[in-house]
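> show me how the following folds:
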Amino acid sequence: MADVPPLLRVRIALWRLRRVLVAAALVVVALAVARTAAPPPPATTPVVVVARDVAAGTVLDDDDVRLGGLPARCVPAGAGQDPADVVGRTVTVALPAGLPLVTGVMAGERFDVDPPDGTVVVPVHLATAVATTLRAGDRVDLVAARDTWGPSDDVTQDPAPPAPSVLAHGALVVEVRTAADADGGLGAGTAAADPTVLVAVPPDEGRALAADAGSALGAVLVG
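Numbering: from 1, shown residues only. Sure, this is the predicted structure:
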């Protein structure tokens, strides 16, 4: 049998592989079209995130945080962009890996929660049963205690009880201190066994609370 010329061999091989070659060409074309039609990836903003699961009360170190990226519309309020800004701060709740770090989950510079701008911080004394149910970040209405019955009230007349006097609406609890450490700030030191609750309120409500400092206060948890 005569030798087949090299060029003819190539043509025969291409003919045998024609279907495979056509399919491969179609795949290449489809990939090129898909890449051209696909929208570009959204621009991301650098955000400090938790690098690993951390428990409440953890003091963050370099291994606990990293710099991640989120689309600008997904960046939560209070998120940081420099890991060095959060190293050394304490988280107040347990955080899973990958969660953006925001100021609301970290202890403040002086208090467990930073007071909002334009507010003042006032220590108030609540009964232990009330104070121990509160934690930093809660919102409470603070009510002045009033006796329902006065010494000269005539119970036979069935008088209506006086309306409660609300001294502060939606006060932000920034810290709850026990008697052992209450003397650490704002003149809140006391010999009383009840915890001291530090709240952030507008200045006018702060003055009202300070004026009623000698009275026991009630608290209504509102948020």
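
> got the buried residues for the top helix by length along the chain?
When the chain is parsed with DSSP state H, its longest helix is helix 18-37. If you call a residue buried by 16 or more other C-beta atoms under 10 Å, then helix 18-37 has no buried ones at all. From N, CA and C alone the C-beta is placed, and that goes for glycine too.

> show me what that helix is packed up against.
Contact here means 3 or more C-beta pairs under 8 Å, 6 or more residues apart in numbering; DSSP states H and E; on that basis helix 18-37 packs against no helix or strand.

> and that helix, how far out from the chain's middle?
Between the centre of helix 18-37 and the centre of its host chain there is 49 Å, according to C-alpha atoms, centre = their mean, to the nearest Å.

> hey, C-alpha coordinates of it in PDB?
In PDB, the C-alpha atoms belonging to helix 18-37 read as follows (Å, rounded to 0.1, in the frame of the first residue of the first chain):
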ATOM      1  CA  ARG A  18     -14.700  17.800  12.600                       C
ATOM      2  CA  ARG A  19     -17.600  17.400  15.000                       C
ATOM      3  CA  VAL A  20     -15.300  17.700  18.000                       C
ATOM      4  CA  LEU A  21     -13.600  20.800  16.600                       C
ATOM      5  CA  VAL A  22     -17.000  22.400  15.800                       C
ATOM      6  CA  ALA A  23     -18.200  21.800  19.400                       C
ATOM      7  CA  ALA A  24     -15.000  23.200  20.900                       C
ATOM      8  CA  ALA A  25     -15.400  26.300  18.700                       C
ATOM      9  CA  LEU A  26     -19.000  26.800  19.800                       C
ATOM     10  CA  VAL A  27     -17.900  26.500  23.500                       C
ATOM     11  CA  VAL A  28     -15.300  29.200  23.000                       C
ATOM     12  CA  VAL A  29     -17.700  31.500  21.300                       C
ATOM     13  CA  ALA A  30     -20.300  31.000  24.000                       C
ATOM     14  CA  LEU A  31     -17.800  31.800  26.700                       C
ATOM     15  CA  ALA A  32     -16.700  34.900  24.900                       C
ATOM     16  CA  VAL A  33     -20.300  36.100  24.600                       C
ATOM     17  CA  ALA A  34     -21.100  35.400  28.200                       C
ATOM     18  CA  ARG A  35     -18.000  37.300  29.400                       C
ATOM     19  CA  THR A  36     -19.000  40.300  27.200                       C
ATOM     20  CA  ALA A  37     -22.600  40.300  28.400                       C
END
